[in-house]
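1. give me the fold of what follows.
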Amino acid sequence: MIHDNLGDLMMTDGKTEQFTGLILLSGEDKPGITEGLFETLSPFAVTILDIEQVVIRERVILTVLLAVNPAHAKAIEADLEECSTRLGVDIATAFEESSISSIADKRALCHVVVLAPDLNPGAFTAVASAIASNGGNIERIHRTASYPVTAIELTVSGVAILELRTELAQIANQNSVDIAVSPGGLMRWAKKLVVMDVDSTLIQEEVIELLGKKAGKGPEIAAITESAMRGELDFEASLRARVKLLAGLPETVLTDVQKEITLTPGARTLVRTMHKLGHHVALVSGGFESVIAPIVADLGIKHMRANNLEIIDGKITGNLTGPIIDRAGKASALRDFANEHSIALEQTIAIGDGANDLDMISAAGLGIAFNAKPAVKAAADSSLSAPYLDSVLYLLGITREEIEESDAL
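-> Alright, predicted model coming up:
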């Protein structure tokens with residue numbers, strides 16, 4: 001028996017066997033192409049099963065999968081040939097009995113995002129090879145950004161995320177690209193908390209080094225900072241040693257240093273977009289609250305934890321007051337902020353560049369090493385080497401077009 005709309009149907013191993021028609025249209029994009037194609041199909045007993053369309057450099061590629069009455073196949077092909085001539089495009093068809101499955105039926109879906117200022121075919125070959133060798137299948141590919149970096153997102157099925165993430169991390173280092181792997185499913189769009197380091201992450205400078213220059217101790221402080229960031233020195237000990245070198249500076253120097261601070265490119269866009277989408281942003285810093293506070297106010301960030309300089313009679317004493325925000329302190333802050341907003345740790349993102357950020361990067365659902373030291377890159381789930389902080393948005397599945405649309409609101 002032939003079903004008017006669905007063609008011949010049968011079940012094999014849980015999959016629907018169906019007579020289908022696959023249509024591939026390509027050509028110069030212009031108004032009326034989609035309308036013309038479906039107008040040609042409308043007289044026939046067909047059901048649309050899937051559609052994908054993309055326009056690249058004013059060239060359109062449109063694919064349509066149909067359930068077809070097999071008795072109509074030749075007539076459909078003939079009408080599509082005439083449609084091809086009328087529209088000035090190429091149309092290829094394939095009619096056959098085949099298994100029908102949807103991406104919604106797939107299990108173990110994940111998203112692989114590949115970013116680079118210049119994405120080369122060799123890097124993409126390596127990514128595709130790693131997915132295949134891990135038993136995965138690429139279900140869908142689309143571009144999420146074209147500037148200031150190119151970002152390509154692949155939807156992949158049938159892989160173990162941790163194993164794939166480990167292999168792709170090596171490929172990222174070998175091919176000078178950034179790669180992130182995140183689980184698929186509805187929870188990808190759940191409310192999130194982004195927790196960022198400040199020095200050399202949210203801002204381009206190291207505040208204590210700016211203060212060190214004011215004290216004439218720049219080289220000494222920079223050397224201690226570098227050792228601490230590499231994990232060679234205990235953070236609290238190194239911080240206290242550096243702060244001692246600031247003793248005697250007038251309190252007014254903090255205002256002077258605030259004027260020298262510059263946000264990392266994309267920082268404002270990242271914070272603004274996350275806020276507009278209903279997510280939360282927090283800052284945790286091994287630097288100093290009195291210097292960072294104006295940035296927090298300017299960006300509309302509600303949560304911050306940082307260290308506090310002791311100031312007596314208008315002068316920096318070289319001591320600290322209150323608890324030290326070290327590795328453990330940053331991780332603790334992440335958990336506290338997440339609890340305050342009832343956000344699961346799996347929905348938190350930690351971004352940092354140094355050894356002091358390792359604990360929060362480990363604790364977060366997605367740990368991102370931003371222009372980081374090798375030890376931090378090795379520990380993080382993902383690494384960003386391009387100097388644009390809003391690239392984090394692409395890792396979360398947010399496209400450049402969506403960012404710009406949000407900015408226009």
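2. hey, where'd the helices end up in the stretch 51-200 of the chain?
-> Secondary structure of the stretch 51-200 of the chain by DSSP state H, counting those that start in this stretch: the helices cover 73-87, 121-133, 161-175.
3. oops, could you answer that again for the stretch 301-409 of the chain instead?
-> With helices called from DSSP H, counting those that start in this stretch, the stretch 301-409 of the chain shows them at 327-340, 358-363, 374-379, 391-395, 400-408.
4. among those, show me which one is buried the most.
-> Mean neighbours per residue, mean count of other Cβ atoms under 10 Å, is largest over the helices of the stretch 301-409 of the chain for helix 391-395, with a mean of 25. (Each C-beta comes from the backbone N, C-alpha and C, glycine too.)
5. and it, what other elements does it pack with?
-> In terms of contacts (3 or more Cβ pairs under 8 Å, 6 or more residues apart in numbering; DSSP states H and E), helix 391-395 is packed against strand 110-116, strand 137-145, strand 150-157, strand 178-183, helix 267-276, strand 366-370, strand 382-384.
6. reformat those into a markdown table and put mean neighbour count, distance to Ile56 and mean pLDDT next to each item.
-> Below are the helices and strands packed on helix 391-395 laid out as a markdown table (neighbours: other Cβ atoms under 10 Å; distance: least, Cβ to Cβ, whole Å; pLDDT from 0 to 100):
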| stretch | mean neighbour count | distance to Ile56 | mean pLDDT |
| --- | --- | --- | --- |
| strand 110-116 | 23 | 17 | 94 |
| strand 137-145 | 16 | 9 | 92 |
| strand 150-157 | 21 | 12 | 94 |
| strand 178-183 | 23 | 22 | 91 |
| helix 267-276 | 20 | 25 | 96 |
| strand 366-370 | 26 | 29 | 95 |
| strand 382-384 | 25 | 25 | 92 |
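7. make JSON lines from the ones you listed and add distance to Gly286 to it.
-> Output for these, formatted as JSON lines (distance: least, Cβ to Cβ, whole Å):
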{"stretch": "strand 110-116", "distance to Gly286": "27"}
{"stretch": "strand 137-145", "distance to Gly286": "31"}
{"stretch": "strand 150-157", "distance to Gly286": "30"}
{"stretch": "strand 178-183", "distance to Gly286": "25"}
{"stretch": "helix 267-276", "distance to Gly286": "18"}
{"stretch": "strand 366-370", "distance to Gly286": "15"}
{"stretch": "strand 382-384", "distance to Gly286": "20"}
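8. ok, back up a step: can you list the helices of the stretch 51-200 of the chain in CSV and add distance to Leu24?
-> Below are those laid out as CSV (distance: least, Cβ to Cβ, whole Å):
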stretch, distance to Leu24
helix 73-87, 11
helix 121-133, 21
helix 161-175, 30
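9. doesn't Ile138 make contact with Leu154?
-> Yes. The pair Leu154 / Ile138 is scored as a contact, 5.3 Å apart, by Cβ atoms under 8 Å.
10. joint contacts of these two?
-> Residues touching both Leu154 and Ile138 (Cβ atoms under 8 Å, 6 or more residues apart in numbering) are Ile131.
11. straight-line length of stretch 144-160, end to end?
-> 24 Å (Cα to Cα, to the nearest Å).
12. any idea how far that stretch is from the middle of the chain?
-> 9 Å (Cα atoms, centre = their mean, to the nearest Å).
13. cool, stretch 287-302 as well?
-> Centroid separation for stretch 287-302 versus its chain: 25 Å, with Cα atoms, centre = their mean.
14. any weak-confidence spans in the protein?
-> Residue ranges of the chain with pLDDT under 70: 1-17, 99-108.
15. by residue count, what's the longest strand in it?
-> In the chain, assigned by DSSP state E, the strand with the most residues is strand 15-28.
16. okay, the angle between it and helix 73-87?
-> Per axes from the mean of the first three to the mean of the last three Cα atoms, to 10 degrees, the angle that strand 15-28 makes with helix 73-87 is 20 degrees.
17. could you look up the next helix or strand downstream of strand 15-28?
-> Next in sequence after strand 15-28, counting helices and strands by DSSP states H and E, comes helix 33-41.
18. ok so, going back, okay if I get the helices of the stretch 301-409 of the chain as CSV plus distance to Pro250?
-> Converted to CSV, these look like this (distance: least, Cβ to Cβ, whole Å):
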stretch, distance to Pro250
helix 327-340, 28
helix 358-363, 33
helix 374-379, 35
helix 391-395, 37
helix 400-408, 40
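19. for the ones you listed, which one sits closest to Val68?
-> Among the helices of the stretch 301-409 of the chain, the nearest to Val68 by Cβ to Cβ is helix 400-408 (34.4 Å).
20. for the closest one, packing partners?
-> Contact here means 3+ Cβ pairs under 8 Å, 6+ apart; on that basis helix 400-408 packs against helix 267-276.
21. let's verify Gly248: helix, strand, or coil?
-> Under DSSP: H, G, I helix; E, B strand; the rest coil, Gly248 falls in the coil class.
22. ugh, wrong one, Val257
-> Each residue gets one of three states, and Val257 gets helix by three-state DSSP.
23. number of residues surrounding Leu277?
-> 16 (other Cβ atoms under 10 Å).
24. give the contact list for the residue nearest to it when sequence neighbours are not counted.
-> Leaving aside its sequence neighbours, Leu277 sits nearest to Ser406 (Cβ to Cβ, 6 or more residues apart in numbering; 7.2 Å). With Cβ under 8 Å, 6+ apart as the criterion, the residues that contact Ser406 are Arg272, Thr273, Lys276, Leu277.
25. check the gap between Ile224 and Asp178 for me.
-> From Ile224 across to Asp178, the span is 30 Å (Cβ to Cβ, to the nearest Å).
26. what of Gly329?
-> From Gly329 over to Asp178 the distance is 28 Å, taken as Cβ to Cβ.
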